[in-house]
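> sequence first, then the predicted structure, then my questions.
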Amino acid sequence: MVWQLTSKPHRVFPRNPLAAVVVDLRFYPILKVAAKVPEFQDRVRSIFADYQEQPQQLVMVQPFGVQVAHEKVFAFKKSDGSATLSLNTTSLTLDSRRHEHRAELISEAMLGVRSLLDVYSPLQATRFGLRYINFVDRETVAKDLERAVSWNDLITARFLSIPSDLADWEGTSYNIEVSSRMAQGELTLRYGLMRDPRDGRDKFRFDSDRYIESPFDVLSIDRFLALFADDAYSVFVDAKGPVLEEWMNKAEGTT
């Protein structure tokens, strides 16, 4: 199977259901990461002004058991806390929790990637990915639009897939994962209804992970970012229903 996505004109909406957008570059271990963190910080602190060192536990499943390793993560954060650029010996990750504009995301991700290449070259990459994690909250949409809405209003039929003769929507959860190839790399899509343990409400999760694994040219990452964002947007457009689009088009605070 190969994904059959059609290109969609990109639009910027006043709001969106994104919980997080993650850009992740993985590479073969660089043991001198810690020694050159000051040089890396000099290149990114114009955007990522805050700095923290955080412990990280790596769990690796080996043929004869589980191996646990501990290392530091060097975290560079925007002053408003909306995004974090994290660096360790095997990866560079941008985690954005208030995504508004694609151009801003790409600019910030490329600042981190170029800084990494400036300070730690030569570098051999193993994986590069862009992940969009959406949670559609029916109760929030209904409150904002001041009317009752159904899941069929929010999500297109092809993504609302349960055996209707065996279950209805009340109290039902489901989770589907689809992974297949693209012309370059792969796309893994995870979607379904789930109960959010934080507030007990049912939400629709739509999580697209667009990535490429080695071998690939690390100098082409800016091109991959734009391509991956287009692909993730295309599949999201196919999933959003008319009422979700209505909600996304309505600026926060308006009636």
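Great, that's in hand. Numbers count the residues shown, from 1 in each chain.
> all the helices of the stretch 151-255 of the chain, residue numbers only.
With DSSP state H, counting those that start in this stretch as the criterion, the stretch 151-255 of the chain has helices at 151-154, 221-239, 242-249.
> what's the last one in contact with?
Think helix 242-249. Residues from elsewhere that reach helix 242-249 (Cβ atoms under 8 Å, 6 or more residues apart in numbering): 13-17, 136, 141, 144-145, 149, 153-155, 240. Where you see a C-beta, it was placed from the backbone N, CA and C, and this is true even at glycine.
> now, the most widely separated pair of these?
Pairwise distances across these peak at 20.0 Å for P14 and I155 (criterion: Cβ to Cβ).
> if you count what's nearby, which of the two comes out ahead?
For the pair P14 and I155, the greater number of neighbours falls to I155 (21 against 13), based on other Cβ atoms under 10 Å.
> which non-adjacent residue is nearest S214?
In this structure, S214 finds its nearest non-sequential neighbour in T126, 4.8 Å apart by Cβ to Cβ, 6 or more residues apart in numbering.
> and whichever strand or helix holds that neighbour, what does it pack onto?
Here T126 sits within strand 125-137, counting by DSSP states H and E. For strand 125-137, the packing partners by 3 or more Cβ pairs under 8 Å, 6 or more residues apart in numbering; DSSP states H and E come out as strand 18-27, strand 202-213, helix 221-239.
> sheet-wise, list the partners of it with their directions.
Strand pairing for strand 125-137, determined by DSSP bridges: strand 18-27 (antiparallel), strand 202-213 (antiparallel).
> now do the helix or strand following the shortest one: which elements does it pack against?
Looking back up the chat, that one is strand 18-27. The element immediately downstream of strand 18-27 (helix or strand, assigned by DSSP H and E) is helix 37-44. Other elements packing on helix 37-44 under the criterion 3+ Cβ pairs under 8 Å, 6+ apart are strand 65-77, strand 83-87, helix 102-120.
> okay, these in JSON lines with distance to I30, mean neighbour count and mean pLDDT next?
Listed next are the helices and strands packed on helix 37-44 as JSON lines, based on distance: least, Cβ to Cβ, whole Å; neighbours: other Cβ atoms under 10 Å; pLDDT from 0 to 100:
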{"stretch": "strand 65-77", "distance to I30": "12", "mean neighbour count": "13", "mean pLDDT": "77"}
{"stretch": "strand 83-87", "distance to I30": "10", "mean neighbour count": "23", "mean pLDDT": "98"}
{"stretch": "helix 102-120", "distance to I30": "5", "mean neighbour count": "18", "mean pLDDT": "97"}
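> any chance of those in CSV, plus distance to Y28?
Putting the helices and strands packed on helix 37-44 into CSV (distance: least, Cβ to Cβ, whole Å) gives the following:
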stretch, distance to Y28
strand 65-77, 15
strand 83-87, 15
helix 102-120, 11
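> nearest to K36, of those?
helix 102-120 (5.2 Å).
> take the closest one, keep the C-alpha atoms, and write them as PDB.
What follows is helix 102-120, C-alpha atoms only, in PDB (Å, rounded to 0.1, in the frame of the first residue of the first chain):
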ATOM      1  CA  ARG A 102       3.600  26.900   9.700                       C
ATOM      2  CA  ALA A 103       6.300  29.400   8.600                       C
ATOM      3  CA  GLU A 104       7.200  30.100  12.200                       C
ATOM      4  CA  LEU A 105       7.500  26.400  13.100                       C
ATOM      5  CA  ILE A 106       9.800  25.800  10.100                       C
ATOM      6  CA  SER A 107      11.900  28.800  10.900                       C
ATOM      7  CA  GLU A 108      12.400  27.700  14.500                       C
ATOM      8  CA  ALA A 109      13.100  24.100  13.600                       C
ATOM      9  CA  MET A 110      15.700  25.100  11.000                       C
ATOM     10  CA  LEU A 111      17.400  27.400  13.500                       C
ATOM     11  CA  GLY A 112      17.900  24.300  15.600                       C
ATOM     12  CA  VAL A 113      19.000  22.100  12.700                       C
ATOM     13  CA  ARG A 114      21.500  24.600  11.300                       C
ATOM     14  CA  SER A 115      22.900  25.300  14.700                       C
ATOM     15  CA  LEU A 116      23.300  21.500  15.300                       C
ATOM     16  CA  LEU A 117      25.200  21.200  12.000                       C
ATOM     17  CA  ASP A 118      27.400  24.200  12.700                       C
ATOM     18  CA  VAL A 119      28.500  22.900  16.100                       C
ATOM     19  CA  TYR A 120      28.500  19.100  15.700                       C
END
